[in-house]
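J.: any chance you could fold what I've pasted below:
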Amino acid sequence: MNVGTFFSFKLAKEQDLLAIGVDVFSINNILGFSLEVVYGIGDSIDTYKTINKYSYETTHYNEYAIYFSVHYSFLKFLDDTILLGGTLGLGYRGVIETGGGSSYSSSGFSPDEFDGMTEGNMSSGFAYKAGVYIIYSFDWFSVKGMIEYKSFGGFSAGLGFSFLL
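T.: Below you'll find the model as predicted:
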């Protein structure tokens, strides 16, 4: 059995994301499973709620997703040294409250004060991912490169290492 970890990074610049996961593959890297956590760095969503004419409440959130995935290597080259495969994963997308508070203005306030904010509550729910990977196996460890699309996070590229147990 091969057990390893992988890291991925976002290919677009809408939001900085940190993704880390753990892979568990069969002895010949044909079938594998992984658990991955993707976390938005910095407050990604700011909301407001009007209390009255002169005061309002702001709340800051951070987004995250947790994916469980299945990996299958469908092409083998050079005596099973190089493997090409695909990934399908399902997950949960949610938000964590990171701060906020009430504000007061003696002259009232305008919507301009809420630039970049949304009104209302944050939603959470279903997430998915799909991708391809290539694995190069050595005697006692493997190197994995991947490109994936995640419903939370968009396109990302990653690199992983696993060791034979």
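
J.: quick check: residue 123 is in a strand.
T.: No - judged by DSSP: H, G, I helix; E, B strand; the rest coil, residue 123 forms no part of a strand; its state is coil.

J.: that one and residue 165: what is the separation?
T.: Counting by C-beta to C-beta, to the nearest Å, the separation of residue 123 from residue 165 is 40 Å. Placement of C-beta: from N, CA and C, glycine included.

J.: now swap in residue 101 and tell me
T.: Separation of residue 101 from residue 165 (C-beta to C-beta): 49 Å.

J.: with residue 57 instead?
T.: The spacing between residue 57 and residue 165, counted by C-beta to C-beta, is 51 Å.

J.: who has more neighbours out of the two?
T.: Neighbour totals were compared for residue 57 and residue 165, and residue 57 leads with 13 against 10 (other C-beta atoms under 10 Å).

J.: and the more buried one, how far from residue 103?
T.: Computed as C-beta to C-beta, the residue 57 to residue 103 distance reads 8 Å.

J.: kindly report the same for residue 22.
T.: From residue 22 across to residue 103, the span is 42 Å (C-beta to C-beta).

J.: ditto for residue 17
T.: Residue 17 sits 29 Å away from residue 103, taking C-beta to C-beta as the criterion.

J.: so between those two, which is more surrounded?
T.: When neighbours are counted by other C-beta under 10 Å, residue 17 comes out ahead of the other of residue 17 and residue 103, with 22 against 14.

J.: relative to residue 78, how far out is the residue nearest to the spatial centre of the chain?
T.: Geometric centre of the chain, nearest residue: residue 38, 2.7 Å, by C-alpha atoms, centre = their mean. Residue 38 sits 33 Å away from residue 78, taking C-beta to C-beta as the criterion.

J.: identify the residues contacting residue 84.
T.: For residue 84, the residues meeting the contact criterion (C-beta atoms under 8 Å, 6 or more residues apart in numbering) are 73, 74, 75, 76, 77, 132, 133, 134.

J.: mean confidence for whichever strand or helix holds the fourth one?
T.: Right, the one you point to is residue 76. Element membership of residue 76, judged by DSSP states H and E, is strand 55-77. Per-region confidence: strand 55-77 scores 86 on mean pLDDT.
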